[in-house]
Structures are given as structure tokens and as C-alpha cells.
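Engineer: kindly return the folded structure for what I paste below:
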Amino acid sequence: MTSASVRIETPPTLIKVTNLDVIFNGQSVLNDINLSIATGQTVAVIGESGCGKTVFMKSLVGLIPPTRGSVHFKQDDLAHLSASELSDVRRRFGFVFQNAALFDSMSVFDNVAFPMRQSTDENEEQIRQRVYAHVREVGLPETVMSKRPSELSGGMRKRIGLARAIILEPELVVYDEPTTGLDPIMSDVINELMLEVRRRYPVTSVIVTHDMRTAKKVADRVLMFYPFSRRKDGESQILYDGSPAGLDDADDKRVQQFVRGEAGERITELAN
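Structural biologist: Got it, this is the predicted structure:
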């Protein structure tokens with residue numbers, strides 16, 4: 001008796017980056033980046049300050065155009081879209097900013113409702129139901145709805161930022177340092193919420209972070225970038241592209257040093 005072969009479906013590519021260069025004032029920040037991100041994948045982007053993580057993140061969503069190369073979201077080359085076309089594509093993105101970036105003059109309710117009022121034709125009752133549901137999903141009580149961002153703790157603002165980011169149920173959510181400035185307990189609350197978002201929605205996530213706990217707990221793939229100016233001749237800026245489980249035993253000692261928080265030869269470099 002022969003056993004039938006099992007066909008494993010490969011998730012379709014959501015983002016494809018090809019030969020991406022980004023140069024500012026003659027200085028290369030990103031050089032010849034090539035990679036794909038599959039639908040449903042959660043990718044953590046790590047690396048020391050100045051390695052191009054944030055520029056890469058902004059390139060993925062069309063906020064920074066390539067100097068050379070391309071970024072495709074599904075079939076769309078972002079650099080070749082008109083302003084209105086790019087605006088339409090961005091409605092499929094959710095953004096969780098480092099400092100939440102809430103509107104200070106608006107209540108929590110109005111902050112979370114803002115994307116729906118801007119991008120949908122739903123009535124106020126439909127908006128109210130969605131806002132209340134998403135605020136509950138991030139673990140906050142209804143009593144926060146009338147508060148201003150200045151009345152909330154840092155962790156609460158982050159959670160409201162997450163609720164706003166997912167209110168339109170985007171295909172891609174981009175997180176910029178989601179746990180920066182939080183204590184270890186609240187950082188883990190945010191990690192758990194990111195995991196819950198992935199469980200609830202068919203979402204692809206890109207997380208720019210220095211927090212190794214976040215990278216190891218939330219991501220299923222980790223990219224480690226290295227500053228272009230310090231890489232070896234002909235070397236890729238991406239020193240590591242693999243699972244979180246492989247970080248501690250990575251072949252490149254620079255990856256191990258970063259993950260463990262060891263200065264290594266950087267002490268000597270900084271002294272020169």
C-alpha cells in the first residue's frame with residue numbers, strides 16, 4: 001500500500017523587496033536588500049541603532065521611496081502608484097507608532113474611531129460598536145472612552161494605539177518599537193496582545209524592535225540588519241534571516257553579541 005503524498009500549501013507573498021537601495025545625502029542607509037514576506041508571517045526586524053531598521057519599515061509602506069529597486073505589496077509597485085492609489089493601498093495597513101501618536105485633542109473614542117470615519121461609510125452606531133469591541137480586545141474598560149491621551153499611562157496609550165491600528169482589520173500591521181519605555185510586565189502585555197491580534201485576524205506583521213523578548217516570543221521570523229558603513233565588502237546588510245530559536249546559536253558572532261547585549265569589539269570601535 002502506498003501512502004498518498006500530502007501537499008503543503010505555501011502562503012502567498014504579501015511583500016516583495018527587490019534590490020532595494022535607500023540613499024540620503026550621498027550616504028547609503030539600505031543597500032541591495034532582497035527578501036519576501038509571506039501572508040500571515042510575523043517578522044521582527046532587529047539591529048543596532050543606525051542600521052536602517054526604521055528606514056526599511058517606512059520603505060515597506062511607501063513612506064520612503066527607493067533610490068533604486070522596488071517594494072511590491074501584492075502586485076503593486078508602491079513607487080509607481082499615484083498619490084490616490086497609494087492612499088488606497090495604505091488603508092490596508094495598520095500602524096502602531098513608538099509613542100502611540102494619538103491625537104491629544106481627541107478622546108480615546110474619537111482616536112480609535114478616526115480611521116473608520118476617514119475611510120468607511122459606516123454610520124456612528126456601527127462605528128461605536130467596532131470601537132468598543134476593539135478597546136475591549138486590548139484589555140481596557142469602557143471608562144477610558146471619554147479620556148484624553150494625556151490622562152492615560154504609557155501602556156494604556158500603546159494599547160489604544162493598537163486598537164486604532166486594527167480597527168479596519170488591515171492586511172499588514174507595522175509596529176515601531178511597541179514595547180519601548182514600558183516596564184517588563186507591561187511589555188509582556190503588549191507582546192500577548194500582538195499574539196492575540198495574530199490569532200484573531202489573518203494579519204501579516206512587521207515589528208521593529210530592540211527587545212529580544214518581543215522578537216523571540218512574538219515573531220516566527222527574525223531579520224537582523226547591520227549598518228551599511230560597517231559591513232564587510234560584498235556582505236549583505238542582513239546578517240540573520242531565520243527563526244527566533246536560532247538566534248542564540250547563529251554562526252555570525254555579531255548576531256550573538258547583539259542578542260546577548262554584549263559590546264564585544266564595539267568598545268574599541270567607539271574609542272577610535
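Engineer: so Lys232: helix, strand or coil?
Structural biologist: The three-state label given to Lys232 by DSSP: H, G, I helix; E, B strand; the rest coil is coil.
Engineer: low-confidence regions, this protein specifically.
Structural biologist: Along the chain, the model assigns pLDDT under 70 to residues 1-9, 264-272.
Engineer: longest helix of it?
Structural biologist: helix 184-200 (DSSP state H).
Engineer: who does that one touch, helix- and strand-wise?
Structural biologist: Helix 184-200 sits against helix 154-166, strand 204-208, helix 212-218, with contacts defined as 3 or more Cβ pairs under 8 Å, 6 or more residues apart in numbering; DSSP states H and E. From N, CA and C alone the C-beta is placed, and that goes for glycine too.
Engineer: using CSV, please lay out these together with distance to Asp104.
Structural biologist: Below are the helices and strands packed on helix 184-200 laid out as CSV (distance: least, Cβ to Cβ, whole Å):
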stretch, distance to Asp104
helix 154-166, 11
strand 204-208, 24
helix 212-218, 27
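Engineer: mean neighbour count and distance to Gly47 added to these, as CSV?
Structural biologist: CSV is the format used below for these (neighbours: other Cβ atoms under 10 Å; distance: least, Cβ to Cβ, whole Å):
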stretch, mean neighbour count, distance to Gly47
helix 154-166, 23, 22
strand 204-208, 24, 9
helix 212-218, 19, 11
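Engineer: to His72, which of the ones you listed lies closest?
Structural biologist: Closest approach to His72 among the helices and strands packed on helix 184-200 (Cβ to Cβ): strand 204-208, 13.6 Å.
Engineer: just want the angle from that closest one to helix 184-200.
Structural biologist: 160 degrees (axes from the mean of the first three to the mean of the last three Cα atoms, to 10 degrees).
Engineer: give me the residues contacting strand 204-208.
Structural biologist: Strand 204-208 is contacted from outside by 14-15, 37-45, 53-54, 56-57, 60, 171-178, 194, 197-198, 214-215, 218-219, using Cβ atoms under 8 Å, 6 or more residues apart in numbering.
Engineer: cool, stretch 130-143 as well?
Structural biologist: 108-109, 112-113, 116, 122, 144-145, 156, 159-160, 162-163, 166-167, 189, 193, 196, 200.
Engineer: how does it look with 7 Å?
Structural biologist: Phe109, Val112, Ala113, Met116, Val144, Met156, Arg159, Leu162, Ala163, Ile166, Ile167, Leu193 (Cβ atoms under 7 Å, 6 or more residues apart in numbering).
Engineer: go through the helix or strand where the first one lies and flag the buried ones.
Structural biologist: The secondary structure element spanning Phe109 is helix 108-119 (assigned by DSSP states H and E). For helix 108-119, the buried set under the neighbour-count rule, 16 or more other Cβ atoms under 10 Å, comprises Val108, Phe109, Asp110, Asn111, Val112, Ala113, Phe114, Pro115, Met116.
Engineer: same check, this time on stretch 60-69
Structural biologist: Leu60, Val61, Gly62, Ile64, Pro66, Gly69.
Engineer: from those residues, which land in strands?
Structural biologist: Among the buried residues of stretch 60-69, the members found in strands (DSSP state E) are Gly69.
Engineer: what's the most distant pair in the buried residues of stretch 60-69?
Structural biologist: Val61 and Gly69 (15.6 Å).
Engineer: looking at the buried residues of stretch 60-69, which are in helices?
Structural biologist: Per DSSP H, the buried residues of stretch 60-69 map to helices at Leu60.
Engineer: and the buried residues of stretch 60-69 as TSV, adding distance to Ser84?
Structural biologist: Putting the buried residues of stretch 60-69 into TSV (distance: Cβ to Cβ, whole Å) gives the following:
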residue	distance to Ser84
Leu60	20
Val61	16
Gly62	13
Ile64	19
Pro66	20
Gly69	24
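Engineer: closest one of the buried residues of stretch 60-69 to Gln75?
Structural biologist: Checking the buried residues of stretch 60-69 against Gln75 by Cβ to Cβ gives Gly62 as the nearest, at 14.4 Å.
Engineer: can you name the residues that contact that closest one?
Structural biologist: Leu78, Leu86, Arg90.
Engineer: buried ones among those residues?
Structural biologist: Leu78, Leu86, Arg90.
Engineer: and which of these is nearest to Gly26?
Structural biologist: Distances from Gly26 to the buried ones among the contacts of Gly62, taken by Cβ to Cβ, are shortest for Leu78, at 23.7 Å.
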